[in-house]
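Novice: no sequence on this one, just coordinates:
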């Protein structure tokens with residue numbers, strides 16, 4: 001196989017995985033592993049381990065599988081519905097996410113393509129990503145040409161050498177040069193005009209739950225590379241056409257249980273008194289639960305690794321407000337739209353345009369299901385739900401005026417603060433998949449997984465979670481001489497890397 005199934009980018013590649021000796025297809029003897037956390041990272045690890053004959057036990061503190069991508073039952077107007085934590089985009093370069101989904105949906109029939117996701121600004125400003133060439137740098141050239149906030153005079157005023165770093169991502173080199181700088185400082189140095197910066201870059205940074213003022217410039221450059229400038233898969237994406245529970249978690253639970261995985265939900269394991277009873281352990285937890293587990297188990301990791309875990313920080317809180325309205329929005333509204341410069345709101349999802357359950361509810365009632373997101377909330381919003389909701393609703397009415405007369409039949413409002421932060425200067429101490437353990441021979445092999453984990457190739461969000469889960473399983477399997485799971489990535493460096501970094 002030259003590339004991942006379905007890939008359109010010929011530069012997509014597999015990442016080498018270490019294995020001791022000549023690997024066998026299945027585990028030759030009896031081994032056991034515990035996976036803590038049943039989100040994407042934990043489930044990805046459990047799938048790979050179970051497929052190779054490892055006896056796996058999973059523990060999830062929440063009531064359902066899925067972690068931050070879970071859905072759970074609710075009741076609206078006497079009808080059963082599923083509530084979720086917000087919209088998730090399945091980009092075409094999420095090769096590892098797609099490999100996991102193919103376990104239960106080989107043809108990926110549950111994914112529906114989004115034709116466009118416009119960016120909406122003040123006074124009718126808008127930006128579209130439809131129709132752009134897929135291959136860089138043609139995609140960048142076409143975007144600049146069509147962007148009304150970037151004129152020829154603006155381009156001439158920019159610092160071209162600094163701007164070229166967006167096409168020159170180069171792994172450790174980029175992090176060494178730019179991790180200590182904030183994304184805001186980098187964009188200041190480039191000299192982007194205010195309106196273009198607001199429309200194209202503030203939206204981008206917020207999409208990763210990190211404001212540009214407190215996000216590493218290197219992390220932002222990596223994400224430019226991952227989503228736009230380092231792949232020919234294009235900027236458009238797919239979404240699940242049903243709830244996460246129906247399309248993903250129920251099928252994956254059956255898949256795991258059919259392979260002998262024992263799953264415990266509502267099970268928040270914090271301490272072990274007998275770690276010697278297991279051969280391997282995968283910690284697939286958000287920042288704060290991970291820190292709690294590490295603090296409660298002194299045998300986990302070396303002293304310096306434990307210090308690095310304690311130094312991790314979550315991103316600022318974000319809000320998701322789902323509204324069930326008594327009337328539809330206009331037919332031309334996109335299923336998903338980003339926003340810029342309009343207060344606290346970051347995007348609007350018309351959920352009934354892409355999700356089957358919401359669509360059926362809208363057909364039955366004549367209404368609409370709308371989701372409003374606000375990322376990287378400042379404290380004055382994170383601590384004042386009424387203020388945040390008032391501003392979100394005002395922005396919806398401004399951008400979609402037909403909703404001003406709509407009645408809210410029901411709503412659900414969530415504020416969470418469990419996404420990882422990527423502060424300037426944090427890369428050097430960010431832990432990777434391999435957990436360095438003390439030399440006691442009876443301790444299990446331990447691996448870390450999740451979207452907070454440092455990986456040696458460009459990846460983020462759901463894709464980083466699944467890739468790290470695969471790699472965590474591979475770390476355990478490698479100690480036991482078992483064939484690893486393939487892990488896929490886009491091209492590792494940008495088009496200008498070898499020219500920009502020659503000195």
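Specialist: Nice, thanks for sending it over. The shown structure was predicted, so the numbers you read here are calculated from the model rather than taken from an experiment.

Novice: Kindly list the longest helix within the protein.
Specialist: Taking DSSP state H as the criterion, the chain has its longest helix at helix 461-479.

Novice: which helices and strands does that helix pack with?
Specialist: helix 40-51, helix 95-102, strand 280-283, strand 445-448 (3 or more C-beta pairs under 8 Å, 6 or more residues apart in numbering; DSSP states H and E). All C-beta spots, glycine's among them, are computed from the backbone N, C-alpha and C.

Novice: Of all those, which one is nearest residue 337?
Specialist: helix 95-102 (22.9 Å; C-beta to C-beta).

Novice: And the chain, what are its domain boundaries?
Specialist: 18-67+242-314+423-485, 134-235, 321-416 (automatic domain parsing).

Novice: what's the least confident stretch among those domains?
Specialist: Lowest mean pLDDT within these: domain 134-235, a mean of 86.

Novice: For that one, what is the distance to the chain centroid?
Specialist: Relative to its parent chain, domain 134-235 has a centroid offset of 19 Å by C-alpha atoms, centre = their mean, to the nearest Å.

Novice: Start and end of it, how far apart?
Specialist: 7 Å (C-alpha to C-alpha, to the nearest Å).

Novice: how about residue 10, what does it touch?
Specialist: 3, 232 (C-beta atoms under 8 Å, 6 or more residues apart in numbering).

Novice: Could you check how far it is from residue 96?
Specialist: Computed as C-beta to C-beta, to the nearest Å, the residue 10 to residue 96 distance reads 18 Å.

Novice: swap in residue 395?
Specialist: 35 Å.

Novice: So between these two, which is more surrounded?
Specialist: Neighbours were counted for residue 395 and for residue 96 using other C-beta atoms under 10 Å; residue 96 has more, 28 against 20.

Novice: How much space separates the nearest residue to residue 330 once chain neighbours are set aside from residue 327?
Specialist: Of all residues not flanking residue 330 in the chain, residue 402 sits nearest, at 5.5 Å (C-beta to C-beta, 6 or more residues apart in numbering). Residue 402 sits 8 Å away from residue 327, going by C-beta to C-beta.

Novice: Show me where the stretch 151-300 of the chain has its helices.
Specialist: For the stretch 151-300 of the chain, applying DSSP state H, counting those that start in this stretch gives helices covering 152-157, 160-163, 172-178, 183-190, 194-197, 203-206, 217-224, 244, 250-258, 287-296.

Novice: next one: the shortest one to chain centre, how far?
Specialist: On the basis of C-alpha atoms, centre = their mean, the separation between the geometric centre of helix 244 and that of its chain is 15 Å.

Novice: picking that back up, angles on the backbone of the residue nearest to residue 330, please.
Specialist: Note on residue 402: backbone dihedrals following degrees, to the nearest 10 are phi -60, psi -20.

Novice: That one: neighbouring residues, count only.
Specialist: Per other C-beta under 10 Å, the neighbour tally for residue 402 reads 14.

Novice: The one 5 residues further on too?
Specialist: The criterion is other C-beta under 10 Å. On that basis, residue 407 has 9 neighbouring residues.

Novice: Tell me which other helices or strands the helix or strand that contains residue 370 touches.
Specialist: Per DSSP states H and E, residue 370 falls inside strand 368-374. When contacts are defined as 3+ C-beta pairs under 8 Å, 6+ apart, strand 368-374 sits against strand 318-325, strand 347-350, helix 356-365, helix 385-399.

Novice: Quick one: closest of these to residue 434.
Specialist: Across those, residue 434 has its closest neighbour in strand 318-325 (30.2 Å, C-beta to C-beta).

Novice: So what's the gap between the helix or strand following that closest one and the chain middle?
Specialist: Next helix or strand after strand 318-325 toward the C-terminus (DSSP H and E): strand 336-339. Its chain's C-alpha centre and that of strand 336-339 lie 17 Å apart, by C-alpha atoms, centre = their mean.

Novice: likewise stretch 386-406?
Specialist: With C-alpha atoms, centre = their mean, you get 27 Å for stretch 386-406.

Novice: Show which residues not belonging to that stretch make contact with it.
Specialist: Contacts of stretch 386-406 (C-beta under 8 Å, 6+ apart): 120, 319, 321, 325-327, 329-330, 333, 337, 339, 342-345, 348, 367-368, 370, 372, 374, 377, 380-382, 413, 415.

Novice: Now that we have these, which of them are buried?
Specialist: 120, 319, 321, 325, 329, 333, 337, 339, 342-345, 348, 367-368, 370, 372, 374, 377, 381-382, 415 (16 or more other C-beta atoms under 10 Å).

Novice: contacts for the helix or strand that contains residue 141?
Specialist: Assigned by DSSP H and E, residue 141 belongs to helix 138-146. With contacts defined as C-beta under 8 Å, 6+ apart, helix 138-146 is touched by 128, 129, 132, 133, 150, 155, 167, 228, 229, 234, 235.
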